[in-house]
Each structure stands twice: as C-alpha cells, then as structure tokens.
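Asker: Show me how the following folds:
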Amino acid sequence: MRSLSNSHLYLKTIFSLRNSFMASSFTQTLKPDLPPQDLDDLLCSHPQKQRQDESSSLTGSNSNDSKLLLGSPTGYLSGESRIERAWAHWTKLGRPKLIVAPMVDNSELPFRLLCRKYGADAAYTPMLHSRIFTENEKYRNMEFTTCQEDRPLFVQFCANDPDVLLEAARRVEPYCDYVDLNLGCPQRIARRGNYGAFLMDNLPLVKAIVEKLASNLQVPVSCKIRIFPNLQDTINYARMLEDAGCSLLAVHGRTRDEKDGKKFRANWSAISAVKNAVRIPVLANGNIRHMEDVNNCLQETGVEGVLSAETLLENPALFAGFRTAEWIEGQEENTRDGNLDQADLLVDYLKLCEKYPVPWRMIRSHVHKLLGDWFKIHPHIREDFNAQSKLTFEFLYNMVERLRELQVKMPLYIKDSHVPAISSNA
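Answerer: Coordinates of the predicted model:
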C-alpha cells in the first residue's frame, strides 16, 4: 500500500447530479511538491464525453435502477438484533464469496469492473483518507468513483477521529453496501498518521470509532484488520469490534510487522479462530493466488468469503478460474491454454477507462502489472512505454498490437480437472 500523500486525487465520478460533481479538464494534487498539472494526473478522457455518458446512464435507467444507482437507505435493518441485522444484510447482498481487496490507487472503478466481469462478487474501493475526504471537495469528487454495476461495494476509510469519519461516511453511505474502517495498513505513513494497523495500540479509540459509525449510519460498518502475534489478543480484538457494532470482519492473516506477502504466509489458523469466536460474517485475506486457494481457504477457515489483492493485479481473471504460468508449475499436464491472456485483460481495462476516466498514472501502474512478463521479453517496448510523458489510448492499443505482432504468447491457464465453481449463494 502506498502513501496517501502519493494517492492522486482526481477520479471522475459518475454521480454528477449537481455542479459540485463536475470535474475540470485537468487535475491537481494535494501534495505541494508535485507540479500542479503532472501529466500522469490528467484524466484519461475528456470530461465532456463523461458527462454525456452520465446523462445517458441516468436518463436510461428505469425507476428501480435509479433507486439502486442512488443507493436508497436500507431501512429494513432497524429494529432487529445486531447479529441478525449483520446476517440479514449479508444475505440480502447474495453472500458474496469472491472479493476484490482494497488497494491504494489500484482498486479504482475500472479495475473493479474488470474483476467483476471475470467472477468477482464484490469489491472494496481504495483506502480514502477521512479527514481529506471531509475537507476537500475535489478529493471527494475524484477519489470516490462508482456506478450502478459496482455493487456490492465496500467504501474503505482510514481514520482516527470518530466525528470526522462519521462525516465522511455519511457522504458515501447512499452509494455503498458497507462503510469499512481500515485497521490493517502497516506502512510508515500509517504510523505517522496514527491510523490503519497502528490503531491496534489504542483499542479504546478503535471501539469508539466503530460505535460512532454503527450508532449513526444506516449502512452497516465493516472492519479490515491484521492479527496480533498472540492469538488470544486477536480473538479479544475481534470480539471487541463485534460488540462495538461491526457487522462484518475481514481478517488479514499476517501481523502488522509481516508486510512482505511473499515472505510471510498468511495464518489461516488464526483466521479460523476468529471465525469461531465471533457471530458476524468473516472474510479471509492472504494466500489467495488461484481458485484452489479459494477452496482450501474456505474449507480450512470456514469463512464466508475471501479477498485477493496483489495476485489480481497480474491476473484480474483469477476468480473465473484462470491462473498465470507461475501457478501451474508442476501441474502442466493438468492445465490447458484458457484462450485468454493479460493483453486481452488490458484491452478490457482500457475500454473501461475510456468510459470511466481515471488518472493516467493508475493506468500506467496497471500496464506494468499486466504486461511485466511481456516487457521482460521485449524490453525495448517497455522503454518506449516508460518514455511516454503523456499517454494516449491510441498509443496503448498500438503497444498491445506491437507485442502481438512480435508473437509474444503468455496465455492464462485453466486446469482440465476443474476445481468446483464457487457459488455466491452457496
């Protein structure tokens, strides 16, 4: 997870129902030492086209679609017990099992939609800074982007002030299914800002934040946590969050100090212990690289669903059963070419970016993630890509064609003996 100060601010929101939701034709950044018109911060499409798309989308919706788009409050939740409400809401959403984890600058709307196309049942937004979200209108309009198809949706905030977070959460609750509190960010920026996993040192404050949200929002509150080195501390932590009003708990099975996901395996046993200790729905985060991992995690932990992050960046089709060559080693005889590759996924992503503009820097990041192995074979194309101070869709589509003309072939694979499909309603 990268620094919030590096999180560029201007995604284009489709909820342009009033003038304050109209983006300018260029973007700026809250970080004062960056140029005000850094080319990678420019929106990837002209805002006039986006406004036309928005108008068509809104006027073309029927009354039921409009109600969903506007995220009408779920008043049915009132009057039931806390645990019953948590499960009623989760069931209403279809009990999603395959979920896109929050990734700063990488789980933006076009990427979420791409993952949904290939099997994801639900998704988190990137982490939003609650104080900046309440204070800066441009940050709100550009950082929080969604659309009608982007549900179920978790909107994640970092925070250390209950009142500030509540103000931020009230702005997004009509457009999401959970307001999520980030209690898992282990980076130095989180230490300096006193949020994320570093709130584990101040559990009374965590409890106060969750209670504030749960008592004042109509949308349920979820929390994403890391585990303590001591299992009992983790269990006590989870129970405290449940008692405070948390309706869903996502557990990253690594400690705050275990930042390297490749070096430290996630502790599924700890996640299982949390699942057995609380009564609300629980999600597991960590070690999800392909669908066999999904099945194994669900069986070993008993959780309601799984989150994947880094692996999805290289393979957004993970939840549709596809895997990269890295994850078929030793199983080649049981796998076959899935007639899909990362360049196909990149083209899908670029088309979504044309419809839902994002800063070019986000697109640049996804290109590197999706085509990294291709660039190793033809580094001159990577150098050409990196040399572009201003990207265009024409350049990117042409770059994909250049790679294909060079007969680069790196398919995604599917196992012949399929792992049974995961049903959202199972």
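Asker: What segments of the chain are strands?
Answerer: Using DSSP state E, the strands of the chain run over 98-100, 122-124, 128-129, 153-158, 178-183, 221-226, 248-252, 282-285, 305-308, 335-341, 411-415.
Asker: how about the ones you listed, which one is nearest residue 376?
Answerer: Of all these, it is strand 335-341 that lies closest to residue 376, at 14.9 Å by C-beta to C-beta. No exception for glycine: its C-beta is placed from N, CA and C like everyone else's.
Asker: contacting residues around the longest helix anywhere in the chain?
Answerer: Taking DSSP state H as the criterion, the chain has its longest helix at helix 360-377. The contact list for helix 360-377, computed with C-beta atoms under 8 Å, 6 or more residues apart in numbering, reads 8, 38-44, 105-106, 108, 111, 313-314, 316, 342-343, 345-346, 349-350, 353, 381-382, 385, 390-391, 396, 403, 408, 410.
Asker: Buried ones among these?
Answerer: 8, 38, 40-44, 105-106, 108, 111, 313-314, 316, 342-343, 345-346, 349-350, 353, 381-382, 385, 391, 396, 403, 408 (16 or more other C-beta atoms under 10 Å).
Asker: From those residues, which land in helices?
Answerer: Using DSSP H, the members of the buried ones among the contacts of helix 360-377 that fall in helices are 111, 313-314, 342-343, 345-346, 349-350, 353, 381-382, 385, 396, 403.
Asker: And the furthest pair within the residues you listed?
Answerer: Put simply, by C-beta to C-beta the two of these set farthest apart are 111 and 381, 22.3 Å from each other.
Asker: In the stretch 101-250 of the chain, where is pLDDT below threshold?
Answerer: Of all residues in the stretch 101-250 of the chain, none has pLDDT under 70.
Asker: Quick check: residue 250 touching residue 223?
Answerer: Yes. Using C-beta atoms under 8 Å, residue 250 is in contact with residue 223, at 7.2 Å.
Asker: Need the overlap of contacts for these two.
Answerer: Common neighbours of residue 250 and residue 223 (C-beta under 8 Å, 6+ apart) are residue 180.
Asker: The closest residue to residue 352 other than its chain neighbours: neighbouring residues, count only.
Answerer: Ranked by C-beta to C-beta, 6 or more residues apart in numbering and with sequence neighbours excluded, the top spatial neighbour of residue 352 is residue 110, at 3.7 Å. Counted by other C-beta atoms under 10 Å, the residues lying close to residue 110 total 25.
Asker: which residues does residue 110 contact?
Answerer: 349, 352, 353, 355, 356, 358.
Asker: Distance-wise, check the fourth one relative to residue 241.
Answerer: What it means is residue 355. 37 Å (C-beta to C-beta, to the nearest Å).
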